[in-house]
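[1] missing the sequence, but the structure's below:
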Ligand SMILES: Nc1ncnc2c1ncn2[C@@H]1O[C@H](COP(=O)(O)OP(=O)(O)O)[C@@H](O)[C@H]1O
Ligand SMILES: O=C(OP(=O)(O)O)[C@H](O)COP(=O)(O)O
């Protein structure tokens, strides 16, 4: 059983709060969407209102990714969103960070620097080893308690997510509490269950596909996005040079697992029957049998939406993670919009993923039973598996 904020004596305490505000970033480094920041307002404002000294820990992007930035813009946006005053400090652990925490006023919020600026944070550890890392040992002396509200990163066994509960009293934040209530018992949702797996984190999605098909949780898996293109490639379709390069870059060794899944569960995995390519800045739909195309496949086509819609019409539960296409470009947001609208025909609908939630906001899509802040984390839970960060709190 995980303790919640109802169990925390917050007044005057220095509380480290791990949130997941990992967000789409514009070309100029600004936040492109604040969905995840908005999700954490309840937890952060509640702690500040209860007179805690709130210390925010978070990551943004991954080393080498285009969205790997400081958290300065996140702190500015949180200052707009929260009732409590918010400040930013450009280190993550050590004496400067501890001094900043010591100086923090009751009821105020301090955002520390991106945890992933620190090398051990992108490694996985057992909780007792994570508790000995520089990040954890360099902050614990200044903290009285730890709250994990970062459901969307809870599938990562990284120091900021699993190391603190071994050294401090640990609690679930309100986002974590809500997500576990909504997603913690997927086996009790209506059947047949249809998983729609898209986006670009192909390795996560293939892990989930294997798990839900092996366990029987999934009656069907419908594939879109780079995941769909990966399965098309794995099935022997020549996509064309541009799309094949994206698939090989994104899928890596997961391509072999996609081939194995098709061999084992081919009848339960649906692949796109047409794609939309970018040709002369236009959206052109191409049937799979007419591939290869020199132009990159950026979305699923309308025939695929129709075919997948027929499956979703009869679904008891639809679980969707990952946009169906490059939704950031209007011409290639069509598949995501039309498919997610069709998915609402299912009796119970769950949507997961940071970019997916951002896509729903951008496209004005609503009417789903639960929109998770997590993608991989939600999918991991939806496979009936445990989350390392939740286990560490227990
Ligand atoms: N066919 C495609 N080609 C290239 N990128 C794609 C394609 N379809 C979707 N994407 C990209 O996938 C990204 C989101 O994937 P992912 O991070 O897995 O989603 P989430 O954060 O919701 O789990 C978006 O940036 C989108 O542009
Ligand atoms: O965006 C996230 O995951 P998601 O893309 O599965 O929603 C989380 O912030 C975890 O990020 P990571 O996949 O870089 O560890």
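    Ah, there it is. What you are looking at is a predicted structure, and each value in this text was computed from that prediction instead of being measured. Numbers count the residues shown, from 1 in each chain. Ligands and ions are numbered 1, 2, ... in the order given.

[2] Tell me the pLDDT of the spatially closest residue to residue 108 that is not a sequence neighbour.
    Spatial nearest neighbour of residue 108, excluding adjacent residues (C-beta to C-beta, 6 or more residues apart in numbering): residue 85 at 5.0 Å. Where C-beta positions appear, they are placed from N, C-alpha and C, glycine not excepted. At residue 85, the predicted lDDT confidence score is 98.

[3] before we move on, what about residue 1?
    On the pLDDT scale, residue 1 gets 79.

[4] How many residues are close by the residue nearest to it when sequence neighbours are not counted?
    Excluding the flanking residues, the one nearest residue 1 by C-beta to C-beta, 6+ apart is residue 394, at 7.0 Å. Counted with other C-beta atoms under 10 Å, residues neighbouring residue 394 total 11.

[5] re earlier: assess the claim that the residue nearest to residue 108 and residue 106 are in contact.
    No - if you go by C-beta atoms under 8 Å, residue 85 and residue 106 don't touch, sitting 11.0 Å apart.

[6] Distance-wise, check the residue nearest to residue 1 relative to residue 172.
    Distance, residue 394 to residue 172, using C-beta to C-beta, to the nearest Å: 10 Å.

[7] Look up the residues that both of the two are in contact with.
    Contact criterion C-beta atoms under 8 Å, 6 or more residues apart in numbering; residues shared by residue 394 and residue 172: residue 2.

[8] Spell out which residues sit in contact with the closest residue to ligand 1 within the stretch 1-150 of the chain, please.
    Residue nearest to ligand 1 within the stretch 1-150 of the chain (C-beta to the nearest ligand atom): residue 24, separated by 7.2 Å. Neighbouring residues of residue 24 by C-beta under 8 Å, 6+ apart: 31-33, 67, 328, 354-355, 358.

[9] same check, this time on residue 228
    198, 271-272, 300, 304, 324.

[10] What is whichever strand or helix holds residue 338 packed up against?
    Using DSSP states H and E, residue 338 maps to helix 334-343. Judged by 3 or more C-beta pairs under 8 Å, 6 or more residues apart in numbering; DSSP states H and E, helix 334-343 is in contact with strand 297-300, helix 302-313, strand 317-321, helix 354-363.

[11] now the strands for the stretch 51-200 of the chain?
    Ranges of strands within the stretch 51-200 of the chain are 53-57, 86-88, 109-111, 145-148, 170-172, 193-197, based on DSSP state E, counting those that start in this stretch.

[12] who's in contact with the first one?
    Outside strand 53-57, the residues that touch it by C-beta under 8 Å, 6+ apart are 12-19, 44, 47-48, 75, 78, 84, 92, 101, 104-112, 115, 139, 142-143, 160.

[13] cutoff 6 Å now
    Contact partners of strand 53-57, identified using C-beta atoms under 6 Å, 6 or more residues apart in numbering, comprise 14-19, 44, 47-48, 101, 104, 106, 109-112, 115, 160.

[14] Buried only: go through the residues you listed for me.
    Applying 16 or more other C-beta atoms under 10 Å to the contacts of strand 53-57, the neighbour count classes 14-19, 44, 47-48, 101, 104, 109-112, 115, 160 as buried.

[15] Counting only helices, which of those make the cut?
    44, 47-48, 101, 160 (DSSP state H).

[16] List just the nearest of the residues you listed to residue 3.
    Nearest to residue 3 among these is residue 47, at 14.2 Å by C-beta to C-beta.

[17] Grab the nearest non-local neighbour of the residue of the chain found nearest ligand 2.
    Residue of the chain nearest ligand 2, by C-beta to the nearest ligand atom: residue 375 (2.6 Å). Leaving aside its sequence neighbours, residue 375 sits nearest to residue 353 (C-beta to C-beta, 6+ apart; 3.1 Å).

[18] is it true that residue 258 touches residue 236?
    No - contact criterion C-beta atoms under 6 Å: residue 258 and residue 236 do not qualify, at 11.5 Å.

[19] which one of those two has more residues nearby?
    Neighbours were counted for residue 258 and for residue 236 using other C-beta under 10 Å; residue 258 has more, 25 against 8.

[20] if I look at the more buried one, how far off is residue 215?
    As judged by C-beta to C-beta, residue 258 and residue 215 stand 18 Å apart.

[21] Check the secondary structure at residue 206 for me.
    helix (DSSP: H, G, I helix; E, B strand; the rest coil).

[22] so residue 296 touches residue 245, yeah?
    No - Residue 296 lies out of contact with residue 245 (C-beta under 6 Å); the separation is 8.7 Å.

[23] More neighbours: the two, which one.
    More crowded of residue 296 and residue 245, by other C-beta under 10 Å: residue 296, with 21 against 12.

[24] From the structure, what's the count of residues near residue 64?
    By the criterion of other C-beta under 10 Å, residue 64 has 6 neighbours.

[25] So it versus residue 116, what's the distance?
    Computed with C-beta to C-beta, the distance linking residue 64 and residue 116 is 11 Å.

[26] what about the closest residue to residue 91 other than its chain neighbours, neighbour count?
    Leaving aside its chain neighbours, residue 91 sits nearest to residue 97 (4.8 Å; criterion: C-beta to C-beta, 6+ apart). When counting by other C-beta under 10 Å, one arrives at 21 neighbours for residue 97.

[27] again, but for residue 161
    Neighbour count of residue 161, defined by other C-beta under 10 Å: 30.

[28] unless I'm mixing things up, it is touching residue 389, no?
    Yes - counting by C-beta under 6 Å, residue 161 does reach residue 389; the two are 4.2 Å apart.

[29] Nearest residue to residue 220 in space, ignoring adjacent ones along the chain?
    residue 194 (4.8 Å).

[30] burial of that neighbour, as a residue count?
    The local packing of residue 194 (other C-beta under 10 Å) involves 23 other residues.

[31] ok, now residue 108?
    Neighbour tally, residue 108, other C-beta under 10 Å: 17.
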